[in-house]
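J.: Fold the following, please.
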Amino acid sequence: MQPRKFSWNIRNSDVDKGKVASGFIAQELASVVESQSADCLGLVYTNDPNQFSIAQTNLIPVLVKAIQELNAKFEAYVATHP
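T.: Below is the predicted model:
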């Protein structure tokens, strides 16, 4: 996953069109989800094939798990390298 800076291009609305934001590109995230067989996470809405969107809050459990795993590795390292 690659965080990006982008300009909104909402195809069926002028609301926020051109507004600069940061986040993930839904199509890129969809590729990652597919490659990891992680459809169960519900991270990308693909109901409209012309405009994917991201369920950002569904990413929170994934991030928490990643932090827990990194913390466990850090604790193991600290325990073996006083």
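J.: so where do the helices sit in the chain?
T.: 26-35, 60-80 (DSSP state H).
J.: so can I have CSV of those showing mean pLDDT, mean neighbour count and distance to residue 12?
T.: Any C-beta I mention is one placed from the backbone N, CA and C, and that applies to glycine too. Output for the helices of the chain, formatted as CSV (pLDDT from 0 to 100; neighbours: other C-beta atoms under 10 Å; distance: least, C-beta to C-beta, whole Å):
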stretch, mean pLDDT, mean neighbour count, distance to residue 12
helix 26-35, 94, 14, 15
helix 60-80, 96, 10, 28
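J.: These into a markdown table, with extra columns for distance to residue 15?
T.: Output for these, formatted as a markdown table (distance: least, C-beta to C-beta, whole Å):
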| stretch | distance to residue 15 |
| --- | --- |
| helix 26-35 | 17 |
| helix 60-80 | 26 |
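J.: These: which one's closest to residue 42?
T.: helix 26-35 (9.1 Å; C-beta to C-beta).
J.: who touches that closest one?
T.: Counting contacts by C-beta atoms under 8 Å, 6 or more residues apart in numbering, the residues outside helix 26-35 that touch it are 1-2, 4, 38-39, 41, 43-46, 52-54.
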